[in-house]
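Asker: Build me a model:
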Amino acid sequence: MSIELFNQLEQKVTSAVEALELMRMEAEELREENARLKQEREEWERRLSALLGKFDEVETTASS
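Answerer: Numbers count the residues shown, from 1 in each chain. Prediction:
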């Protein structure tokens with residue numbers, strides 16, 4: 001194997017390793033964002049349930 005071919009192979013391996021590292025970092029960021037969005041959604045669901053509960057109370061009070 002010539003030194004030029006070895007250098008090309010080394011460059012491709014280095015590029016692949018760098019690309020994998022970037023993908024890992026991006027995946028971690030996406031996991032963090034996903035967790036944040038899930039928490040936000042749960043908060044919205046909790047608030048919506050509380051509002052719906054208040055509407056139920058108003059309807060119950062109005063029908064009494």
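Asker: now the one helix or strand Glu45 maps to, how far from the centre of its chain.
Answerer: Using DSSP states H and E, Glu45 maps to helix 3-63. Its chain's C-alpha centre and that of helix 3-63 lie 1 Å apart, by Cα atoms, centre = their mean, to the nearest Å.
Asker: and that helix, what other elements does it pack with?
Answerer: For helix 3-63, not one helix or strand is in contact under the criterion 3 or more Cβ pairs under 8 Å, 6 or more residues apart in numbering; DSSP states H and E. Every residue, glycine included, has its C-beta placed from N, CA and C.
Asker: residue contacts, Ser2?
Answerer: With contacts defined as Cβ atoms under 8 Å, 6 or more residues apart in numbering, Ser2 has no neighbours.
Asker: Please repeat the previous calculation with a cut-off of 10 Å.
Answerer: Applying Cβ atoms under 10 Å, 6 or more residues apart in numbering, one finds that Ser2 lies in contact with Gln8.
Asker: and the gap between it and Gln8?
Answerer: Distance, Ser2 to Gln8, by Cβ to Cβ, to the nearest Å: 9 Å.
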